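Colleague: Structure for this input, please:
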Amino acid sequence: MQKNILHFSILIILLNILLIPAPTYANSNPEGTAEVSTNNIDRLRREAGLEDQRDIEDIAISIINVILTVIGILFITLLIYGGAIYMTAAGNQESVDKGKKIITFAVIGIAIILLSFSISNFIVNSILDSSGAPELMPN
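Modeller: Below is the predicted model:
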């Protein structure tokens, strides 16, 4: 039992190290080239007096991000809940199976959410690329 807890702890630590992104302080436009960025668009909007107006793309991206974030938080919570049930089963096979099932479904849900975010990111950027607009969702 202690060996399993040790393996689980090591797995969690490794996943945290690998999945937490390290900040990079790179300048996306170091030489002042004519590349269009969202900062330039925001500056132009302010200068033109259009600060309060939002494009339909901005609204759609915001809605997609909020929905996927809320569902992702739900599945992370289910993952923690399933882990707690599994860890506190105390040898009760029914609780162990219930915890494993919840963990399995939570991991599948997280994978689906990550894939749906990637697909929506790809679709939105493809539409914007075809229209000549800059990317609104970073890759």
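Colleague: Could I get the buried residue list for the lowest-mean-pLDDT helix or strand in the chain?
Modeller: Each helix and strand of the chain was given a mean pLDDT (mean pLDDT, DSSP states H and E); the minimum falls on helix 38-48 at a mean of 70. Within helix 38-48, no residue counts as buried by 16 or more other C-beta atoms under 10 Å. C-betas here are computed from N, CA, C, even on glycine.
Colleague: Model confidence at the spatially closest residue to Ile76 that is not a sequence neighbour, what's the number?
Modeller: Excluding the flanking residues, the one nearest Ile76 by C-beta to C-beta, 6 or more residues apart in numbering is Ile110, at 7.0 Å. pLDDT recorded at Ile110 is 92.
Colleague: need the contact list for Ile110.
Modeller: 72, 75-76, 79 (C-beta atoms under 8 Å, 6 or more residues apart in numbering).
Colleague: Make a ChimeraX selection of the buried ones in the residues you listed.
Modeller: Paste this into ChimeraX to select the buried members of the contacts of Ile110, with burial taken from 16+ other C-beta under 10 Å:
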select :72,75,79
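Colleague: So which of the contacts of Ile110 are in helices?
Modeller: Applying DSSP state H to those, the entries found in helices are 72, 75-76, 79.
Colleague: Next, format those residues as CSV and append distance to Ile12.
Modeller: Shown next, in CSV, are the ones in helices among the contacts of Ile110 (distance: C-beta to C-beta, whole Å):
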residue, distance to Ile12
Gly72, 18
Phe75, 17
Ile76, 13
Leu79, 11
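Colleague: between the residues you listed, which is closest to Leu115?
Modeller: Nearest to Leu115, judged by C-beta to C-beta, of those is Gly72 at 11.7 Å.
Colleague: what's the closest non-adjacent residue to the closest one?
Modeller: Closest to Gly72 by C-beta to C-beta, 6+ apart is Ile113, at 4.7 Å.
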